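Visitor: A structural model of the following input is requested.
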Amino acid sequence: MNKKGGYSDLFILMIMAFIILIISGLFIYMGTITKTKLHETLDSRTDLNVNTSQVIDNTFGKVPDAYNLLYWLSMLIITGMILSIFIGSYLVTTRPIFFVPYIFILIIAIVLSVIISNSYEMIITNPTLSSTFTGFTMSNYFMINLPIWITIVGFMGGIIMYSRIGSNEQRMNY
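Guide: Numbering: from 1, shown residues only. Now for the predicted structure:
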């Protein structure tokens with residue numbers, strides 16, 4: 001409860017959203033490729049007394065289906081992180097003098113978000129991975145427009161954080 005600032009929350013949001021989406025996309029891609037390769041190599045074998053296609057579909061074939069949850073789960077996690085920034089900004093007790101450093105940190109976060117957004121766009125336009133990342137519709141929208149979202153979330157978080165200054169002066173110890 002003695003939190004003195006939420007300056008790093010925007011950076012954590014950007015980096016974690018990028019990492020979550022890349023890992024989720026790679027899991028979906030690897031699961032699909034592995035299932036396809038298993039079918040290619042084992043379906044043609046006649047020396048086994050088992051229907052390998054059915055065994056693959058009943059065992060490892062369920063993995064890509066389970067990974068399909070990551071398409072919407074990734075955006076749910078990103079939304080939760082944005083809500084936690086707003087809640088954290090509400091709970092922060094800060095002094096008005098820290099508004100100037102907050103603006104500078106927000107500008108740095110916006111510049112960094114442009115770099116992350118461009119990197120993400122290069123990854124999703126890769127011909128090998130583009131079919132996998134097309135399912136991340138809302139997450140792709142968020143990451144491609146990351147500078148706009150960081151600006152909105154940063155300013156809203158700052159407004160929430162610094163609009164409580166008058167109500168917190170009784171609790172703050174100067």
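Visitor: what's near enough to touch the closest residue to residue 132 other than its chain neighbours?
Guide: Spatial nearest neighbour of residue 132, excluding adjacent residues (C-beta to C-beta, 6 or more residues apart in numbering): residue 29 at 4.4 Å. Using the backbone N, CA and C atoms, a C-beta is placed for each residue, glycine as well. With contacts defined as C-beta atoms under 8 Å, 6 or more residues apart in numbering, residue 29 is in contact with 128, 129, 132.
Visitor: Show me which of these are buried.
Guide: Among the contacts of residue 29, the ones that count as buried by 16 or more other C-beta atoms under 10 Å are 129, 132.
Visitor: Return the member of the contacts of residue 29 nearest to residue 112.
Guide: residue 129 (23.0 Å; C-beta to C-beta).
Visitor: Ramachandran coordinates for that closest one?
Guide: Main-chain torsions, residue 129, degrees, to the nearest 10: phi -100, psi -10.
Visitor: how far away is residue 91 from residue 163?
Guide: 13 Å (C-beta to C-beta, to the nearest Å).
Visitor: circling back: work out for me the element the residue nearest to residue 132 sits within.
Guide: In this structure, residue 29 sits in helix 9-42 according to DSSP states H and E.
Visitor: picking that back up, got TSV for the contacts of residue 29, with pLDDT and distance to residue 50 too?
Guide: Listed next are these as TSV, based on pLDDT from 0 to 100; distance: C-beta to C-beta, whole Å:
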residue	pLDDT	distance to residue 50
128	91	32
129	90	33
132	91	30
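Visitor: Of the contacts of residue 29, which is the nearest to residue 86?
Guide: residue 132 (31.2 Å).
Visitor: So for the residue of the chain positioned farthest from its centre, what's the pLDDT?
Guide: In the chain, the residue that sits farthest from the middle, by C-alpha atoms, centre = their mean, is residue 47; the gap is 46.0 Å. For residue 47, the pLDDT comes out at 73.
Visitor: Using the three-state scheme, assign it.
Guide: Three-state assignment for residue 47 (DSSP: H, G, I helix; E, B strand; the rest coil): coil.
Visitor: Relative to residue 13, how far out is it?
Guide: Residue 47 is 53 Å from residue 13, where distance means C-beta to C-beta.
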